[in-house]
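> output the structure for:
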Amino acid sequence: GLMEVDGEVFRAPSIVQEIFRGWLENDYKKEDNEGLQQFLSDFRSGSDKRSNSYWCEVALKSLLFLFPDEPDEPPLWPECERLLSHAHAVLDRAAQRKVLQEASAELWVRLSEYYQARALLEYASGGFRRAIKLQTEANGQEHKSLVPMYEQLARVYRQRGKLDDARSGYDQALSLLLKNRSKEYDLIADIYVGLGNVAMEQRDLPSARQYYMRALDEDQKLKGAEADENVARDYTQLGLVSQELGDLTAAWDYYSKALEALESVHEEFNPDVALAVRNMAGLLKIMGDLDNARNYYRRALKINLHLYDEHHPFVAQDRNNLGLVLQNLGFLDEAATELRKALEIDEQTYGPMHPKVALNKNNVGNILHAQGNLKEALQFYKDAAGIFLKAFGQHHEHTQTAMRNYAKVKEQIKRGQDKSGPKVLD
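Predicted coordinates for the structure are as follows:
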């Protein structure tokens, strides 16, 4: 662990010295304190003898200072990984000594955001629950600081397919905002969107549409560029639910309004504009206008290649979408090139066992199947099913789809071709 204790004497191992030195020299270097250098010298030499609780607080503050505050960004993952075991050791000691509960809650949130980004969803939900417990003990069960924690926990539950738990988390967050008579309309809108997303996955489409309309009502109370971005988000969600309800004309109108709102505050080369274009491409694909869908997907790819490098995950998503529509148009070689590029980027970004990689593997398997390479397709489906099984469990929709694709091709290898192809995962 981080701390070696001999009675009430703290002996600082090298990792704590490194962390604490960084904390003092960076966070407090502006303080003009003559005793600071002497204290630091005593700390390094081990002659400073303070209580265990004191050093526990020091280590906790040090980890909170050093642990990245945007742990969902892939370039920061190596630093998160380096500090992960130390953070857990400090949090365990802080829990034993019941010190700095709010700081502990904040560190748990960062750890959980990291776990969520790495698709370690069980760890993420457990971490958010511990953060909520600590924050409740520190400030009471109706404190506003609990709102984002409940919202983040709800998002993880939704990812895990635990939709009732997700709805409960969003309801709790919304209840706290309303009890505190919050006028943070954007936060209220965010929660309505979350509830709408849960309702969409539960196939309660009328309720989803109602939640998205409530979100739009809240966001229209705002002013400025941020308001336009939020309104565009709400129009997008209304487009999605209209699409699911089969009202494709309404869906196109909502998507067009979203793009118009974004173009009013952004230039063409903007990630939100790229997302709006991507949504319109997807709708065109559903409407059977594959040529225009291909053009819109290429526009989205052009925007993201301008904004990011070739190996960015947004570029991977655009290549995946373009590959799927090329496959539908019958351009299998071009489709295979785009889908394999998407797979390569996502493997580099997320690692070989991430669900995004499994989506890519499933879709590459489909191309191989269409090209008649059944044995190679079988391996890709097997890999996809294994990743989904580890990330989501046996009963998740993606796991079931990949397993069915694997079983179908395995049977085809034994008995010959089947006219019905495997299922694509978007």
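> drop to CA atoms for contacts and neighbour counts, all remaining ones
OK.
> so what's the spatially most central residue of the chain up against?
When CA atoms, centre = their mean is applied to the chain, the residue found nearest the centroid is residue 117 (4.9 Å). When contacts are counted by CA atoms under 8 Å, 6 or more residues apart in numbering, residue 117 is found next to 71, 72, 73.
> repeat that with 7 Å
By CA atoms under 7 Å, 6 or more residues apart in numbering, the contact set of residue 117 is residue 72.
> what's the answer for residue 413, then?
When the contact criterion is CA under 7 Å, 6+ apart, the partners of residue 413 are residue 374.
> which residues of the stretch 101-250 of the chain fall in helices?
Secondary structure of the stretch 101-250 of the chain (DSSP state H, counting those that start in this stretch): helices located at 101-117, 121-139, 146-160, 163-179, 185-201, 205-219, 225-244, 248-263.
> would TSV of those with mean pLDDT and distance to residue 294 be doable?
Converted to TSV, the helices of the stretch 101-250 of the chain look like this (pLDDT from 0 to 100; distance: least, CA to CA, whole Å):
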stretch	mean pLDDT	distance to residue 294
helix 101-117	95	30
helix 121-139	95	34
helix 146-160	94	29
helix 163-179	93	34
helix 185-201	94	27
helix 205-219	95	28
helix 225-244	90	19
helix 248-263	94	16
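> which among the ones you listed is found nearest to residue 351?
The minimum distance between residue 351 and the helices of the stretch 101-250 of the chain falls on helix 101-117, with 11.4 Å, by CA to CA.
> figure out how far that closest one is from the centre of its chain.
What separates the centre of helix 101-117 from the centre of its chain is 14 Å, taken as CA atoms, centre = their mean, to the nearest Å.
> put the alpha carbons of it into CSV.
What follows is helix 101-117 as a C-alpha-only set of coordinates in CSV (Å, rounded to 0.1, in the frame of the first residue of the first chain):
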residue,chain,number,x,y,z
GLN,A,101,-15.5,12.4,2.7
GLU,A,102,-16.2,15.0,0.0
ALA,A,103,-12.7,14.7,-1.4
SER,A,104,-13.0,10.9,-1.4
ALA,A,105,-16.3,11.2,-3.2
GLU,A,106,-14.7,13.4,-5.9
LEU,A,107,-11.8,10.9,-6.3
TRP,A,108,-14.3,8.0,-6.6
VAL,A,109,-16.1,9.9,-9.4
ARG,A,110,-12.9,10.3,-11.4
LEU,A,111,-12.0,6.6,-10.9
SER,A,112,-15.5,5.7,-12.0
GLU,A,113,-15.3,7.9,-15.1
TYR,A,114,-12.1,6.1,-16.0
TYR,A,115,-13.7,2.7,-15.5
GLN,A,116,-16.7,3.8,-17.6
ALA,A,117,-14.5,4.9,-20.5
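> can you pull the buried residues of stretch 294-306?
294, 296, 297, 298, 299, 300, 301, 303, 304, 305 (16 or more other CA atoms under 10 Å).
> restricted to helices, list those residues.
In helices, defined here by DSSP state H, the members of the buried residues of stretch 294-306 are 294, 296, 297, 298, 299, 300, 301, 303, 304, 305.
> ok, now which ones touch residue 124?
For residue 124, the contacting residues are 112, 113, 115, 116, taking CA under 7 Å, 6+ apart as the criterion.
> same list (these) but as TSV, adding distance to residue 176 and neighbour count.
Converted to TSV, those look like this (distance: CA to CA, whole Å; neighbours: other CA atoms under 10 Å):
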residue	distance to residue 176	neighbour count
112	22	29
113	22	27
115	26	21
116	24	23
